[in-house]
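**Q** Got a predicted structure plus its sequence, pasted below:
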Amino acid sequence: MPKESSLYKVEKDDRSSLYYSEYEWCVTLHISEAHCLRYLQPVRFEAALRNAKHWSEQDRFSQDFRSWGPAKESALRETRDILLEENGKYKSVVSFNVLSLYTNNLKLADQFVHLGNPSVRLHLVRQAVITRPAGVVQLRESKHGYRTYLRERKYDYDQRQMLLNFLKSREGTLRPCGSLLTWLGTGRHRYMINPNYSRSYYFVDHDHPNEGTMISLVLPGIVRKTLPIQTTK
C-alpha cells in the first residue's frame, strides 16, 4: 500500500469491496464545466469546450456562475493533460462540476495539488477499506429489510414527477432517502444546479425484494441494485 501524501487528508471509506471492484482510491476534484472532460480525444474535447463557451455566453441569468474565461479553460486543459499522461488504469466519473477519479495510483492526486491552478480544487481523497460483508447493507437499526439504489442517469421533469407520484402512492411501504425526495421535488426552472441527473447514492428502503422491480417499471433502467439490510446493534 502506498504511503499517504502529506498534501491532503485521506478519508477512510469502509466498504464491502473496492471501488468498481478494482480501485483503492477515489480522487474528487471540483472543476467548472467538468463535463468537457468526459472525452479526452482532441476533436470531441475541443467541441465540448466550444459548446460550453457558447452556452455560457447565452446564459443571462447566472453570468457570474457560468462566465467563461482563461482560468476556466486552462483548468480543463491542464486536467486533460494530466489524465492523458497517466499510465495507470483509472476510471473517471463526471457529475455536474465534480470529477471523480478512481485509481490505484495515489500520486495522481499529488499532481493536481502541484498543478497550482485555483480553478482545479482537490475536494476529497477517499480510500476503500474492506471492513464490511459483501452483498448486504449494514445499519445499526432499520424498519425495512431491503435497500434499492438508483443509477446515475438523466431524466426530464415529467419522468421525475412519475417517480415522485409513485413513491407518494406507496408511502408507508417505501421509504426514499431525503436527497432523492429533494431531487424529485426540484421544479422545472432552477438555476445554479443541474436537476436532471439521478445520483448513485439515492436509495429507497422497503420490505419486499420485488419493490425494486416495481420502481423499474415506472422508470426503466433506473434501478442499480437491491440489497438486503443487516442490522448491527
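**A** That came through fine.
**Q** When you work out contacts or count neighbours from here on, use the C-alpha atoms and nothing else.
**A** Will do.
**Q** Can you pull the domain assignment for the protein?
**A** Domain assignment for the chain by automatic domain parsing gives 10-130, 137-231.
**Q** Reformat those domains as JSON lines; add mean neighbour count.
**A** Below are the domains of the chain laid out as JSON lines (neighbours: other C-alpha atoms under 10 Å):
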{"stretch": "domain 10-130", "mean neighbour count": "16"}
{"stretch": "domain 137-231", "mean neighbour count": "16"}
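**Q** I'd like those domains laid out as CSV, including mean pLDDT.
**A** Compiled in CSV, the domains of the chain are given as follows (pLDDT from 0 to 100):
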stretch, mean pLDDT
domain 10-130, 88
domain 137-231, 88
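**Q** Return the backbone torsion pair for the residue nearest the centre of the chain.
**A** Averaging the C-alpha coordinates of the chain gives a centre point, and the residue nearest to it by C-alpha atoms, centre = their mean is residue 95 (5.0 Å). With angles defined as degrees, to the nearest 10, residue 95 sits at phi -140, psi 100.
**Q** And for residue 221?
**A** Residue torsions, per degrees, to the nearest 10, at residue 221 are phi 90, psi 0.
**Q** Quick check: the gap between the closest residue to it other than its chain neighbours and residue 230.
**A** Nearest residue to residue 221, sequence neighbours excluded (C-alpha to C-alpha, 6 or more residues apart in numbering): residue 151, at 7.6 Å. From residue 151 across to residue 230, the span is 22 Å (C-alpha to C-alpha, to the nearest Å).
**Q** which stretches of the protein form strands?
**A** For the chain, the strands defined by DSSP state E cover 10-15, 25-30, 90-95, 98-103, 121-130, 137-139, 146-150, 175-176, 203-206, 223-231.
**Q** May I see the ones you listed organised as TSV, with distance to residue 71 added?
**A** Listed next are the strands of the chain as TSV, based on distance: least, C-alpha to C-alpha, whole Å:
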stretch	distance to residue 71
strand 10-15	27
strand 25-30	14
strand 90-95	20
strand 98-103	17
strand 121-130	13
strand 137-139	43
strand 146-150	35
strand 175-176	40
strand 203-206	37
strand 223-231	37
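**Q** Ok, which of those comes nearest residue 68?
**A** Closest to residue 68 of these is strand 25-30 (C-alpha to C-alpha; 16.0 Å).
**Q** Run through who's touching the closest one.
**A** Strand 25-30 is contacted by residues 19, 97-106, 109, 119-128 when judged by C-alpha atoms under 8 Å, 6 or more residues apart in numbering.
**Q** in its sheet, what does it sit against?
**A** strand 98-103 (antiparallel), strand 121-130 (antiparallel) (DSSP bridges).
**Q** Now do the contacts for residue 126.
**A** 10-13, 25-27.
**Q** give me that answer again for 6 Å
**A** By C-alpha atoms under 6 Å, 6 or more residues apart in numbering, the residues touching residue 126 are 10-12, 25-26.
**Q** now residue 30, which residues is it bridged with?
**A** In beta-bridge terms (that is, DSSP bridges), residue 30 pairs with residue 98, residue 121.
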